[in-house]
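Engineer: Sequence and computational prediction follow.
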Amino acid sequence: MKILVIGSGGREHALVWKLAQSPHASRIWCAPANAGIAGERLVSNGSSVESLPIAAEDLPRLAAFAREQRVDLTVVGPDNPLALGIVDLFQGEGLRIWGPNQKAAQFESSKVFSQAFMERHGIPTARAGSFEDVGAARAFTDSLGGRCAVKADGLALGKGVLLCHSVPEAHEAIDEILVKQSFGTAGRKVVIQELLEGVEVSLHALCDGTTARLFPTSQDHKRALDGDQGLNTGGMGTYCPTPFMTEEALAEAGRAILDPWLRGCAAEGIDFRGILYPGVMLTRTGPKVLEFNARFGDPETQVYLTRLENDLVELLEASVEGRLGSVELKWRPGASVCVVLASGGYPGAYAKGRPITGLSEAEGIADVKVFHAGTALRGLDVVTNGGRVLGVTAWGASLAVARDRAYAAADRIAFEGRQLRRDIAVKGLR
Ligand code: AMP
Ligand code: GLY
């Protein structure tokens, strides 16, 4: 089977690595890929994964390539091409593609849509309102005493959420999005939610239009610095599973969130085939959905796929073809931990092109895989090429073992300005 993976981050490296282990995969391309993805080989025939210099948003060229090469399955990593309708475009041309179509991708591309959907279908979420009008938005934040999350409606690179603890802060956040338009057209509307307190977890469910198969829980570390200090990032590290939900509690959350979500999708003619990734706050009154994403998390994918025992090609085909009802997900016992190595200055300005050393020494440790995110090849050298550079991922019989391994591997890797958190998965050990 010929497979095209779209995207170039750590998530896509993990997807490619796992797909390359499938006996069904005979050729894999990745557009636009990174240095680590280009270094992967297929288990079935030893061939290399091929990088394709086409941007993830260049839908016409991606479709033309898939047509010319008769690609059997295209796998979409990032949110942008999904929101642009890549799935509809490919399907319209008779090309098989995995991911939600444009209507289904609205769960991520519009927070106003998602919030209203949750309210229509009784999915537990924060008390919230959606606004275009500054005065009405301000009045709502005042009614919450200023303790709220002000969110730009559309995609904003994970930066469109402003957490506020006072009325002046909330008014400033509303101005930022609705008046100053700091997020452009993504901020024509805002969703304002009450501020929820509790432990935050990532849920993932693989969906096929009628069935949703829930993964174990994971937890991301979104702030740049230890102790959840500093600026919000794309994610500085993850671990799986978390100790915050028993299997029973997870199944219960699945019933509370996914059952009404599936019923709502059926009622509204939404055919969701892909990953639904709800960000959930475990509050004193139960789990509440903060937001939906319509794709694999990054770096959640890195810890999930190092524990997944199923053949990923078979799973994605079952998702595309509506056959998940007869599929059971199997997970390696124990835990996985991913520690992100970022460029100095990230999530602000950072340098690129710094040589990276110690990659093979890190992967010399058993049960370690270094997923590349922002890397490139310069001659034979691997150099930094983004904010998040690597996701050093390890697995083991326990969270403590996996964590020690991930840090031992991370400490063998060096590049100028290397930045990492030292407390990934610490919450899970307590
Ligand atoms: P989102 O992109 O909507 O998940 O928001 C980004 C981050 O902001 C989340 O991961 C949470 O840590 C935080 N957040 C979002 N909404 C709320 C809320 N209603 N209450 C508390 N924290 C929130
Ligand atoms: N881990 C955060 C995200 O993928 O949105």
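Structural biologist: The structure has been received and is ready for your questions. Ligands and ions are numbered 1, 2, ... in the order given.
Engineer: Please identify the helix or strand for the residue nearest to A294 when sequence neighbours are not counted.
Structural biologist: In space, A294 comes closest to E108 once its chain neighbours are excluded; the distance is 4.0 Å by C-beta to C-beta, 6 or more residues apart in numbering. Every residue, glycine included, has its C-beta placed from N, CA and C. Under the assignment given by DSSP states H and E, the secondary-structure element containing E108 is helix 102-109.
Engineer: Can you get me the centre-to-centre distance for that helix and its chain?
Structural biologist: Here helix 102-109 shows a centroid-to-chain-centroid distance of 15 Å under the convention C-alpha atoms, centre = their mean, to the nearest Å.
Engineer: Need the phi and psi values for the residue of the stretch 101-250 of the chain found nearest ligand 2.
Structural biologist: Per C-beta to the nearest ligand atom, G235 is where the stretch 101-250 of the chain lies closest to ligand 2, at 3.8 Å. For G235, the backbone dihedrals (degrees, to the nearest 10) come out as phi 130, psi 120.
Engineer: could I have the helix holding E108 exported to PDB, CA atoms only?
Structural biologist: Taking only C-alpha atoms (Å, rounded to 0.1, in the frame of the first residue of the first chain), the coordinates of helix 102-109 have been written out as PDB:
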ATOM      1  CA  GLN A 102     -14.400  20.200   6.500                       C
ATOM      2  CA  LYS A 103     -17.800  20.200   8.200                       C
ATOM      3  CA  ALA A 104     -16.500  17.700  10.800                       C
ATOM      4  CA  ALA A 105     -13.300  19.600  11.300                       C
ATOM      5  CA  GLN A 106     -15.400  22.600  12.500                       C
ATOM      6  CA  PHE A 107     -15.100  21.000  16.000                       C
ATOM      7  CA  GLU A 108     -11.600  22.500  15.900                       C
ATOM      8  CA  SER A 109     -11.800  25.300  13.400                       C
END
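Engineer: Residues contacting that helix, please?
Structural biologist: With contacts defined as C-beta atoms under 8 Å, 6 or more residues apart in numbering, helix 102-109 is touched by 79, 82-85, 87-88, 99-100, 113-114, 117, 154-155, 265, 269-274, 276, 291-295.
Engineer: This protein: helices as residue ranges?
Structural biologist: Counting by DSSP state H, one finds helices in the chain at the ranges 10-19, 59-68, 79-83, 86-92, 102-109, 111-120, 134-143, 167-174, 247-268, 300-305, 312-321, 359-363, 399-410, 426-429.
Engineer: show me the contacts for R213.
Structural biologist: Neighbour list for R213: A205, L206, C207, L324, V327, L329 [criterion: C-beta under 8 Å, 6+ apart].
Engineer: if we go to 6 Å?
Structural biologist: Contacts here follow C-beta atoms under 6 Å, 6 or more residues apart in numbering; on that basis R213 touches L206, L324, L329.
Engineer: and these, which of them are in strands?
Structural biologist: Counting by DSSP state E, the members of these that fall within strands are L206.
Engineer: Redo the contacts of R213 as a markdown table? Include pLDDT and neighbour count.
Structural biologist: A markdown table is the format used below for these (pLDDT from 0 to 100; neighbours: other C-beta atoms under 10 Å):
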| residue | pLDDT | neighbour count |
| --- | --- | --- |
| L206 | 98 | 22 |
| L324 | 98 | 22 |
| L329 | 98 | 16 |
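Engineer: Just the closest of the contacts of R213 to ligand 1, please.
Structural biologist: L206 (20.1 Å).
Engineer: tell me which parts of the protein are close to ligand 2?
Structural biologist: Taking C-beta under 6 Å from any ligand atom as the test, the list of the chain residues beside ligand 2 reads G158, D220, G235, N293, G297, D298, E300.
Engineer: one more time with 8 Å, if that's ok
Structural biologist: 11, 158, 202, 220, 222, 234-235, 238, 277, 279, 293, 295-300 (C-beta under 8 Å from any ligand atom).
Engineer: For ChimeraX, what selects the buried ones among those?
Structural biologist: The ChimeraX selection below is limited to those of those classed as buried (16 or more other C-beta atoms under 10 Å):
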select :11,202,220,222,234,235,238,277,279,293,295,296,297,298,299,300
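Engineer: Tell me which of the residues of the chain next to ligand 2 fall in strands.
Structural biologist: S202, D220, T238, Y277, G279, N293.
Engineer: who's in contact with the residue in the stretch 251-400 of the chain that ligand 2 sits nearest to?
Structural biologist: Closest residue of the stretch 251-400 of the chain to ligand 2, C-beta to the nearest ligand atom: G297 (3.6 Å). G297 makes contact with S202, Y277, according to C-beta under 6 Å, 6+ apart.
Engineer: same deal with the one 3 residues further on?
Structural biologist: Neighbour list for E300: S202, S218, T238 [criterion: C-beta under 6 Å, 6+ apart].
Engineer: Now tell me what touches the least confident helix or strand in the chain by mean pLDDT from outside.
Structural biologist: With mean pLDDT, DSSP states H and E as the measure, the helix or strand of the chain carrying the lowest mean pLDDT is strand 229-232 (a mean of 92). Around strand 229-232, the neighbours that count as contacts under C-beta under 6 Å, 6+ apart are K222, R223, A224, P347.
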